[in-house]
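*Asks:* no sequence on this one, just coordinates:
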């Protein structure tokens, strides 16, 4: 079994807050991340898939196809967007990096399975000082 | 003459648009960067100052003080903010990286002169693929 | 289960040597790293914690609190210090990156458990060409 | 058990193609990577070994020796070479990053075992956007 | 005057050699870089342009257009190519990073002038340890 | 005229202090950097040289030779050393990054002139957040 990882990027706005809390309460819990006027990040996404090498082709899967899948199901929906208001698969969720990683996993699992490989992990970096990893359970 | 550079970072939301243009016209000119719901970036800022080494102290200027000045006059006003609506020194300006670099220069020039060194350049990176430099004229 | 990683940095002096060996013997085994006059590094530390997302808050744990814990128990004791002579939790240990990673794990495990998440791994990078990881057993 | 990773680099030419396919068929499957006139990369290799800390020496293994082994068995055979035509351990294999990672594992496993530690993983980065990992099975 | 820099990348094969020298003489002068079977690199290209901010648009020039120009005139001709045999603008030149930077300048100067800004510098990185800059004279 | 830059690295211990000041006074001025027990850094050095391309050889100068010069005159004297006590060319100087950059310039200027090119700049990075540049006057 071999693991191959593809890196993609998206730039987006978001905020951390609960609708049912006041701005003061949100600020108390989420700090500057709760800014009602939004802030944003250059997110970096690493998608790792695993499987056996295809004996005819000599690699795990076509990286251009993998990149297209990640763009179609994830990047195009997130890049230059407001993650709280414009992304169907984040609706009604706290837009934390944790929830983002899990949602990206859910979006990618089926299309990547269809490609003939297995999704192993989703890693989302929010700033150079923190990132989240999700392995599907 | 020696040059010393300090790196700082800020994460913020913004959009490129003109008030007197329709959303369609803005999209035509600025593309996804005109998204009315905002997007955002992890900006990286490099501030370069120059001068003679202080013979008593043995360096150009105290880096912790330089960092505090950059934070007080620039970073604290930009970090986790909406650059279009919340930053006094960007009001009524297109929030391009170019204008951001020039405005940061204008905010820093006096306080850095007061520190006894000369502001040489401001460099602002918006994504890993582009950055702007301004040298004051 | 989700994994979140926080990056912190410290700059410190150290040397590799055994008290009961001569300088020559130490040089033979540890090379330039045994220099009795010390050398130093910009160490980079990644602390990975894991757990379930808090349903009320929407993330695993507050990253600012995690950062404060790492700084209080580790960084403040290591940064701008001599790792051989000034760090209580490294006393009587060879100051290798391996022992540093294990000692950092031991310092962090209880405070991170108290935060309500589980310490997963400690990664310490000494130079851009080598790093150590420890998973607690 | 502690894990230590050493980074090494090599620059090489290669192409993806099958001898029994026409140039057109190869282009259809492998795209620009099938260019009969070759292209190349700055590959980055991370070798991770694991084991117990040697109580006498205070670390897992001597990093300079580990580096020498990687250079002798792998880097010197790959660096500034044509991976398709000049590397004995890649002969008759598709020169994909996947096959490269597995072949590097096979070259390193015995010499690293002889060093008294266990080979844990081989990671090969082809470009900043993709890398392969192999864990030996 | 403001400076904006765009980063692009290309992966290519090359060798350093003179046709009128023997392989031995080429090896003596160029070392492993003269390998007749080629080697390759992930080159990184930074193109810096300068000019005044367009008062209507609020930036120097459209970065997507700048990127398209760089791709059309340079990247598409270099990426996944053999720099010695397949690149018209490198024909009959030693394929050193120096000559590459100068040739890229010559290819870009007119199209970038047509864009309404001035080409300031071309920077080409061959490996993480060396890069060349050319400023046009 | 073309500019070529070579990157080298050294890890060393140092402290900022004046012999004629008390530890208290030194701490007041230099903070944690004055620690009498030393601290250290992974310094990164970029040496930029400039000149005309040698028409016979096709590049500015042999990079391996440039690297050897930097190692012989600078890196071998600094790496794994105590910059305050073990480096002849830093004796009686405050070991600031500024003074280090100037001293490295002075060590390299003659040997690099002998190589047939001109030393353009010396850049020394102390941490990821600060670096010093010196251009010789």
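*Replies:* Sure thing, it's come through. Keep in mind that this is a model prediction, so the values were computed, not measured.

*Asks:* if you drop the residues flanking it in sequence, what lies closest to whichever residue of chain A sits closest to chain C?
*Replies:* Per Cβ to the nearest Cβ, residue A:94 is where chain A lies closest to chain C, at 2.6 Å. Glycine gets a C-beta too; all of them are placed from N, C-alpha and C. Among residues not flanking residue A:94 along the chain, residue C:58 sits closest, at 2.6 Å (Cβ to Cβ, 6 or more residues apart in numbering or on different chains).

*Asks:* now do the SS call for the one you found.
*Replies:* coil (DSSP: H, G, I helix; E, B strand; the rest coil).

*Asks:* tell me the spacing between it and residue A:120.
*Replies:* Distance, residue C:58 to residue A:120, by Cβ to Cβ, to the nearest Å: 25 Å.

*Asks:* just residue A:66 next, same as before
*Replies:* Distance, residue A:66 to residue A:120, by Cβ to Cβ: 12 Å.

*Asks:* what residues are shared contacts of those two?
*Replies:* Counting by Cβ atoms under 8 Å, 6 or more residues apart in numbering or on different chains, the common neighbours of residue A:66 and residue A:120 are residue A:49.

*Asks:* interface residues of chain A facing chain C?
*Replies:* A:16, A:18, A:29, A:31, A:93-94, A:96-99, A:101-102, A:128-135, A:137 (Cβ under 8 Å from any Cβ of the partner chain).

*Asks:* related to what we said a few turns ago, what about residue A:66 and residue A:120, which has more around it?
*Replies:* Ranked by neighbour count (other Cβ atoms under 10 Å in any protein chain shown), residue A:66 and residue A:120 place residue A:66 first, with 23 against 18.

*Asks:* and the residue of chain A that's closest to chain F?
*Replies:* Chain F sits closest to residue A:128 of chain A, with a gap of 8.9 Å, by Cβ to the nearest Cβ.

*Asks:* next, work out how far apart that residue and residue B:100 are.
*Replies:* In this structure, residue A:128 and residue B:100 are 20 Å apart, going by Cβ to Cβ.

*Asks:* repeat that for residue A:125.
*Replies:* Residue A:125 sits 23 Å away from residue B:100, going by Cβ to Cβ.

*Asks:* picking that back up, who has more neighbours out of residue A:128 and residue B:100?
*Replies:* A count of neighbours by other Cβ under 10 Å puts residue B:100 above the other of residue A:128 and residue B:100, at 27 against 13.

*Asks:* please work out which residue of chain A is closest to chain B.
*Replies:* At 0.8 Å from chain B, residue A:40 is the closest residue in chain A, using Cβ to the nearest Cβ.

*Asks:* doesn't that residue lie inside a strand?
*Replies:* Yes - counting by three-state DSSP, residue A:40 falls inside a strand.

*Asks:* skipping its backbone neighbours, what lies nearest it in space?
*Replies:* Leaving aside its sequence neighbours, residue A:40 sits nearest to residue B:40 (Cβ to Cβ, 6+ apart; 0.8 Å).

*Asks:* list the beta-bridge partners for that neighbour.
*Replies:* Assessed by DSSP bridges, residue B:40 has beta-bridge partners residue B:13.

*Asks:* can you pull the contacts of the residue of chain A closest to chain B?
*Replies:* Taking Cβ under 8 Å, 6+ apart as the test, what residue A:40 contacts is A:11-14, B:11-14, B:38-41.

*Asks:* just give me the closest of those residues to residue F:81.
*Replies:* Within those, proximity to residue F:81 (Cβ to Cβ) peaks at residue B:11, which comes in at 38.9 Å.
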